[in-house]
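Participant: Predicted structure and sequence below. I'll ask about it afterward.
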Amino acid sequence: MAGTLKNVTDADFDSEVLRSDKPVLVDFWAEWCGPCRQIAPSLEAIAAEYGDQIEIVKLNIDQNPGTAAKYGVMSIPTLNVYQGGEVVKTIVGAKPKAAILRDLDGFIEAKTA
């Protein structure tokens, strides 16, 4: 289900996300969440296009409830952007790829054809 995106856990969240040199978008999701599955292809496409500028990872909230609780994730999908160990942007709900890219403006630079 997760495709090419890396999965992070409560155990490695600190090293994989909080200590990253570049911004990290964390997709808080669960297997049973329809909207989470709906946005997965968009996130994979963004990761493929902009992976040099932003890391995109997935965190399954059923398997890793500690991190979700720590950051107050109440509904999924929730996309948090972490930079320098802090949440700098929160996107809640399923959105089309173009809307997610607009929300990420400032973290990624649009590629010109």
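Facilitator: Great, that's in hand.

Participant: So for this structure, the centremost residue is which one?
Facilitator: residue 26 (2.6 Å; Cα atoms, centre = their mean).

Participant: tell me the pLDDT at it?
Facilitator: On the pLDDT scale, residue 26 is placed at 98.

Participant: doesn't it fall inside a strand?
Facilitator: Yes: counting by DSSP: H, G, I helix; E, B strand; the rest coil, residue 26 is found in a strand.

Participant: got the contact list for it?
Facilitator: Contacts for residue 26 (Cβ atoms under 8 Å, 6 or more residues apart in numbering) come out as 8, 17, 57-59, 79-82. (Each C-beta comes from the backbone N, C-alpha and C, glycine too.)

Participant: First-to-last residue distance for stretch 83-96?
Facilitator: Stretch 83-96 has its terminal residues 23 Å apart, counting by Cα to Cα, to the nearest Å.

Participant: Show me how far it is from its chain's centre.
Facilitator: Remark: stretch 83-96 is offset 7 Å from the chain centroid, using Cα atoms, centre = their mean, to the nearest Å.

Participant: i'd like the first residue to be 548 from this point on
Facilitator: Yep, numbering from 548; the last one is stretch 630-643 now.

Participant: re earlier: for the contacts of residue 573, give me a markdown table that also has pLDDT and secondary structure.
Facilitator: Shown next, in a markdown table, are these (pLDDT from 0 to 100; DSSP: H, G, I helix; E, B strand; the rest coil):
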| residue | pLDDT | secondary structure |
| --- | --- | --- |
| 555 | 98 | coil |
| 564 | 98 | helix |
| 604 | 98 | strand |
| 605 | 98 | strand |
| 606 | 98 | strand |
| 626 | 98 | strand |
| 627 | 98 | strand |
| 628 | 98 | strand |
| 629 | 98 | strand |
